[in-house]
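Engineer: model this:
(one chain, ligands or ions: 1)
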Amino acid sequence: MFSKILIANRGEIALRIIRSARELGYKTVAVYSEPDSNSLHTMLAHEKICIGPGKASESYLNIPHILSAAEITGADAVHPGYGFLSENPRFPEICETSGITFIGPPSSLMRLMGDKNQARQEMKKAKLPVIPGSEAIVEDLTEAKKAAQKIGYPVILKASAGGGGKGMRIVHSPVQMEEQFSLAQQESKAAFGNPSLYLEKYIQGGRHIEIQVIGDKHGNSLAFGERECSIQRKHQKLVEESPSPLIDERFRRKITKAAQEAVQHLNYQSLGTFEFLVDSHKNFYFMEANTRVQVEHPITEMVYGLDLIKEQIKNAAGQKLSFPSHPKINGHSIECRVNAEDAETFAPCPGKIEFLALPGGEGIRTDSAAYGGWVIPPYYDSLLAKLIAWAPSRQEAIKKIRTALEMTTIVGVKTNIPLQLKILSHSDFIKGNYDIHFMDKFVSPKGSS
Ligand code: MV4
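Structural biologist: Down below sits the predicted model:
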């Protein structure tokens, strides 16, 4: 049992966690870096404590600083949010030795799923469909060429310590493999401290579909319906929706059953997300599992009418799952990520927000830590607000989210709202006819602007 939760994060997710923790009656502690001293999460938690300078490695990524903050404030649980320390298995390990409850899965599961090759091999054991690929790490060029020959080009080289698209390379021929392999190894070593690569058949024109799961400490688990996350640019999701416009009830049952079996196989605990690639013939393949709460979790909350963060906290406190085994999906939800960024270059656009008015009303939710007068520090991601709409049908949800975007007023920093409106007005989006290459349509050809 615990009574005071330290939130080892910032921004909208820190507020999101504070809200659920408060609703459950917990005291909350905000930690913050120096440039975040005027950030909203520091004002809305019961207590706040500074953990270092702006650089994440010296504050939000610094385990000793965060655990000192927990000790000073008497916090007996830690919620990591997403990003930062949320998928570092050292964090729950060290929390454990300090007698602090980590609100997330056991470190062993985080370590297993963090190794993307191992996760893939484990999911094969659980009989999940995986993309044809190497049986293990490919150690050198000879092995890579041999494996690629067997699978057939094009193939994709993936960093086992990577994930989320980091350290991936598409390879079309043996010559390209000769050019790319050791570069990819070096890059992976530099980025993740581990050169290990594995190989898969490259699937063109797929869709990114993910399944929210939850497991308790008593062996009960549940898989919810999907989130469609194909609209992304450079592996940053922009628009997510649930249900997917391309998935029918029969397919939903199949893919959630697969995720459910994976969860049972792993004895998975806490919240998690299983990512699948769905090809144009509606074959689905496991890609990776994320052992944290996702940015886009609200769309699942909207269509299932629940609070995933509350469930995650109750779960860490040892409570049993209290859901029907087949939760019923209701209506349609769309999330748009409003980023402070330059429309042309996509570069983050930090600075002072002179004025801010976020939309609201029936069926609209805004998750944001931004306010008028706040100065966005340059150290962190550019997410300003998540606009989330719910309506009985997809068509109505599109209308609602478009209206919400049009009624969002942000002065002082540039945002991607114009881009979001273009996406939502695109005929292929409206038809629900899109894949992971959809955003390629929005790159202006060189020279034009
Ligand atoms: C793939 C793939 C196609 N074939 N693997 C990207 C994130 C990470 N979870 C894995 N990802 C992908 N893995 C195989 N074998 C396509 C993606 C992918 C992607 C690739 C290029 C550009 C955008 C993409 C968006 C989502 C997924």
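Engineer: make it CA atoms for all contacts and neighbour counts henceforth
Structural biologist: OK.
Engineer: who's in contact with the most centrally placed residue in the chain?
Structural biologist: When CA atoms, centre = their mean is applied to the chain, the residue found nearest the centroid is residue 294 (3.6 Å). By CA atoms under 8 Å, 6 or more residues apart in numbering, the contact list for residue 294 reads 82, 273.
Engineer: for it, helix, strand, or coil?
Structural biologist: Following DSSP: H, G, I helix; E, B strand; the rest coil, we place residue 294 in the coil state.
Engineer: quick one: it from residue 164, how far?
Structural biologist: Distance of residue 294 to residue 164, computed by CA to CA, to the nearest Å: 12 Å.
Engineer: hang on, the earlier thing: distance of the residue nearest to the centre of the chain from residue 137?
Structural biologist: Counting by CA to CA, the gap from residue 294 to residue 137 is 28 Å.
Engineer: How about residue 163?
Structural biologist: Note on residue 163: its distance to residue 137, by CA to CA, is 15 Å.
Engineer: same question, residue 256
Structural biologist: As judged by CA to CA, residue 256 and residue 137 stand 28 Å apart.
Engineer: of those two, who's got more company?
Structural biologist: residue 256 (21 against 18; other CA atoms under 10 Å).
Engineer: so how far is the ligand from the more buried one?
Structural biologist: Counting by CA to the nearest ligand atom, to the nearest Å, the gap from residue 256 to the ligand is 18 Å.
Engineer: Looking at the stretch 301-449 of the chain, what residue ends up closest to the ligand?
Structural biologist: Scanning the stretch 301-449 of the chain for proximity to the ligand using CA to the nearest ligand atom identifies residue 436 as nearest, at 4.8 Å.
Engineer: That residue: neighbour count?
Structural biologist: For residue 436, the neighbour count with other CA under 10 Å is 18.
Engineer: How about residues contacting the helix or strand hosting residue 120?
Structural biologist: Following DSSP states H and E, the helix or strand that holds residue 120 is helix 116-125. Contacts with helix 116-125, where a contact means CA under 8 Å, 6+ apart, come from 112-113, 129-130, 135-137, 159-163, 198, 262, 286-289.
Engineer: so where's this protein uncertain?
Structural biologist: The chain contains residues with pLDDT under 70 at 444-449.
Engineer: Give me every residue in it lying close to the ligand.
Structural biologist: Neighbours of the ligand within the chain, by CA under 6 Å from any ligand atom: 131, 156, 163-165, 200-204, 208, 235, 287-288, 436.
Engineer: ok, 8 Å please
Structural biologist: Proximity of the chain to the ligand (CA under 8 Å from any ligand atom) is limited to residues 131-133, 155-156, 163-166, 168, 199-208, 230-235, 275-277, 287-288, 436-437.
Engineer: Throw together a ChimeraX command that grabs the buried residues out of those.
Structural biologist: The ChimeraX selection below is limited to those of the residues of the chain next to the ligand classed as buried (16 or more other CA atoms under 10 Å):
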select :131,133,155,156,163,166,168,199,200,201,202,203,206,207,208,230,231,232,233,275,276,277,287,288,436
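Engineer: Run through the residues that contact the residue of the stretch 1-150 of the chain found nearest the ligand.
Structural biologist: Residue of the stretch 1-150 of the chain nearest the ligand, by CA to the nearest ligand atom: residue 131 (5.9 Å). Contacts for residue 131 (CA under 8 Å, 6+ apart) come out as 200, 201, 285, 286, 287.
Engineer: could I get these as a markdown table with secondary structure?
Structural biologist: As requested, these are arranged in a markdown table below (three-state DSSP):
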| residue | secondary structure |
| --- | --- |
| 200 | strand |
| 201 | strand |
| 285 | strand |
| 286 | strand |
| 287 | strand |
